[in-house]
Structures are given as C-alpha cells and as structure tokens.
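Trainee: Kindly return the folded structure for what I paste below:
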Amino acid sequence: MKLRRLLLPILAAAATTGLTACGDDGPQKVAVSEGTYVTIGKVEYQVQISRQLNPTDIEDRDYLTGLSAADMQLKPDEVWFGIFIRAKNGTNGSLNTAQDFTLEDTVGTKFARIEAQNIVDYKPTTLGPGDVFPHSNEISSYGPTQGKLLLFKLTNSTLDNRPLDMKIVAPDGDTGSVEIDV
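Mentor: Residues are numbered from 1 along each chain as shown. Model (predicted):
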C-alpha cells in the first residue's frame with residue numbers, strides 16, 4: 001500500500017518533467033504564478049509580489065503619493081492593489097520596457113493601471129545590455145518589495161473573481177501575461 005502511494009507521485013512528476021522538456025517553443029510568455037519569469041519583447045519580467053494596499057498603513061501610504069486628486073478618490077466598493085515587478089535585459093543591445101499593463105478578472109472585467117508620481121512607481125525605461133530594473137541604486141530594488149509599483153484600483157467583487165490575469169504589451173506589440181492570485 002505504501003509503495004503505491006509513493007509510486008503515483010513519482011510517475012506523475014516523471015511524466016510532467018518529460019512533457020515540459022519536449023517542444024520548447026522559445027521564451028515563456030505566460031506565467032501561472034508570481035515569481036516566474038516571462039519574456040515579452042525580449043525583456044524578462046518577474047512579479048516580485050502583489051497585494052492589496054492600505055492607505056492608512058505607513059509603508060503603503062508612501063506608495064500612494066503623487067496621485068492626482070481624482071485618482072486618489074476610492075469609491076465605496078474599490079480597493080488599491082499593487083503589483084511589484086522587475087525587468088531584465090538579457091541581450092547585448094538596448095531594449096525599451098513595456099508601458100502597457102492591464103488586469104482582467106475571471107468574468108472579463110478589465111482594469112487599467114494608474115500612474116503615480118513617486119519614486120517607486122513603474123516608469124517605462126530603456127535598459128542597456130544586462131541591465132535590471134529597478135536599478136541596484138534605487139530604493140525599489142532593495143526595499144521590501146524589490147520591484148517597481150504597478151498600481152490599480154480594483155472593485156471588491158474582483159477580489160472574489162480571481163485569479164487575475166495581468167497582460168503585458170511590449171513596445172513592439174509582443175504580449176504575454178502573468179496570473180496574479182489575490
């Protein structure tokens with residue numbers, strides 16, 4: 001009996017490993033979890049962490065600075081949600097990072113990114129060969145999130161309609177996505 005319990009997980013792992021080794025079609029464009037790298041337009045992106053933000057929390061309050069008065073207002077059914085992301089250029093040339101990020105829940109509701117004027121907000125940039133963004137001298141690089149902020153306003157019902165799908169569109173039109181579980 002114990003042998004059968006051990007044998008099934010071993011066979012499943014071997015089958016999965018064998019399947020993933022076959023047919024490598026190039027860079028991974030879709031990630032089903034945070035922390036997995038996706039390559040969009042030759043730039044590698046990695047979600048470091050995502051979470052709901054609390055405007056009364058000391059750390060989170062700073063993430064919400066530099067918003068317009070209109071953007072700062074939340075409706076009664078809205079919450080702040082932050083996705084902290086890194087980008088890497090693994091090529092020998094310069095590459096522009098994506099500027100188009102959207103979230104979509106499981107029922108098709110889409111949310112656009114809200115830009116803030118602060119030091120942790122993600123701003124598209126040009127990465128030189130081997131560059132990582134945020135750069136090592138930025139607080140975003142060595143702070144608790146280790147990434148640049150993509151800020152969204154979500155509805156409370158969206159938190160029930162998860163996982164969310166974050167679509168990334170590169171400057172050259174290449175697309176990919178990362179599954180975000182709230």
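Trainee: Which residue, other than its chain neighbours, is closest to the residue positioned nearest the centre of the chain?
Mentor: Taking C-alpha atoms, centre = their mean, the centroid of the chain lies closest to Val47, which sits 3.7 Å from it. Excluding the flanking residues, the one nearest Val47 by C-beta to C-beta, 6 or more residues apart in numbering is Glu34, at 4.2 Å. From N, CA and C alone the C-beta is placed, and that goes for glycine too.
Trainee: So the one you found sits against Arg51, correct?
Mentor: No. The pair Glu34 and Arg51 fails to qualify as a contact (C-beta atoms under 8 Å) at a distance of 10.3 Å.
Trainee: Compare these two and say which is more crowded by neighbours.
Mentor: Glu34 (19 against 14; other C-beta atoms under 10 Å).
Trainee: and that one, helix, strand or coil?
Mentor: With DSSP: H, G, I helix; E, B strand; the rest coil as the basis, Glu34 sits in coil.
Trainee: so who does it touch?
Mentor: Applying C-beta atoms under 8 Å, 6 or more residues apart in numbering to Glu34 gives the contacts 47-50, 178-181.
Trainee: Which ones among those lie within strands?
Mentor: Counted as lying in strands by DSSP state E, out of the contacts of Glu34, are 47-50, 178-180.
Trainee: Check Met166 and give its pLDDT.
Mentor: Here the pLDDT value assigned to Met166 is 98.
Trainee: who does it bridge with?
Mentor: Per DSSP bridges, the residues bridged to Met166 are Leu103, Val178.
Trainee: Would you check that it makes contact with Thr102?
Mentor: Yes. Counting by C-beta under 8 Å, Met166 does reach Thr102; the two are 7.2 Å apart.
Trainee: more neighbours, these two?
Mentor: Legend: neighbour count by other C-beta under 10 Å for Met166 and Thr102, higher for Met166 (26 against 17).
Trainee: so where do the strands sit in this structure?
Mentor: Taking DSSP E, the strands of the chain run over residues 30-31, 38-40, 43-53, 78-89, 95-96, 100-104, 110-112, 126-127, 132-133, 148-155, 164-169, 175-180.
Trainee: Could you dump the ones you listed into TSV and include distance to Asp60?
Mentor: Output for the strands of the chain, formatted as TSV (distance: least, C-beta to C-beta, whole Å):
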stretch	distance to Asp60
strand 30-31	25
strand 38-40	26
strand 43-53	4
strand 78-89	8
strand 95-96	29
strand 100-104	18
strand 110-112	18
strand 126-127	28
strand 132-133	22
strand 148-155	10
strand 164-169	19
strand 175-180	17
